[in-house]
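S.K.: curious how this folds, go ahead:
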Amino acid sequence: MAERPEEWWVDESAGPVVRPFAVARGRTRHASADFDLLAEVVSAGRGGARTPEDERILELCGAPLSVAELASDLALPLGVVRVLLGDLLDRGLILVRRAPEAPPVGRNVLKDVIDGLRAL
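M.R.: Okay, here's the model as predicted:
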């Protein structure tokens, strides 16, 4: 017997399933914020969380956490996490420390890495 469409949204062990685009309310990027993968996010306060995802982000960011680690811990796509972080930043609930720019890598270093990989 085929499943009815309303049954597609329920997982027996997880309960109702919410699609990532619904979590971000259909947005794929935030209008005013762009987050680097290595930028560190830290909670500026717990009040003002509007969704369970907001609350979880603020809980995880009690100590500085990179955007990449946060996406992994939340098991959400990076794009969705960036949208949610933008919303929290707009409301003053998080602080963001940009990753320092890495110095350019010299040609000799890249050659050594390639040589090392070939030697494996």
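S.K.: tell me which stretches of this structure form strands.
M.R.: Along the chain, the segments classed as strands by DSSP state E run 10-11, 15-16, 40-43, 65-66, 94-97.
S.K.: give me the nearest residue to residue 64, chain neighbours excluded.
M.R.: Counting by C-beta to C-beta, 6 or more residues apart in numbering, residue 40 is the residue found nearest to residue 64 once chain neighbours are left out, at 4.2 Å. C-beta here means a position set from N, CA and C on the backbone, and glycine is covered the same way.
S.K.: which positions within stretch 83-103 qualify as buried?
M.R.: In terms of neighbour count (16 or more other C-beta atoms under 10 Å), stretch 83-103 has its buried residues at 83, 84, 85, 86, 87, 88, 89, 93, 94, 96.
S.K.: in helices only, show me those.
M.R.: 83, 84, 85, 86, 87, 88, 89 (DSSP state H).
S.K.: how about those in TSV, adding distance to residue 72?
M.R.: TSV is the format used below for those (distance: C-beta to C-beta, whole Å):
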residue	distance to residue 72
83	16
84	14
85	14
86	19
87	20
88	18
89	20
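S.K.: out of those, which one sits closest to residue 75?
M.R.: residue 84 (13.1 Å; C-beta to C-beta).
S.K.: would you agree that closest one is in contact with residue 55?
M.R.: No. Using C-beta atoms under 8 Å, residue 84 makes no contact with residue 55, being 11.0 Å away.
S.K.: run through the bridge partners of residue 42.
M.R.: residue 95 (DSSP bridges).
S.K.: list the contacts for it?
M.R.: Applying C-beta atoms under 8 Å, 6 or more residues apart in numbering to residue 42 gives the contacts 61, 62, 63, 64, 65, 94, 95, 97.
S.K.: widest-spaced pair of these?
M.R.: 62 and 97 (14.8 Å).
S.K.: rewinding a little: can I get the buried residues of stretch 83-103 in CSV with pLDDT and distance to residue 110?
M.R.: Shown next, in CSV, are those (pLDDT from 0 to 100; distance: C-beta to C-beta, whole Å):
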residue, pLDDT, distance to residue 110
83, 86, 35
84, 86, 36
85, 90, 33
86, 87, 34
87, 86, 39
88, 89, 38
89, 89, 35
93, 91, 41
94, 91, 36
96, 91, 30
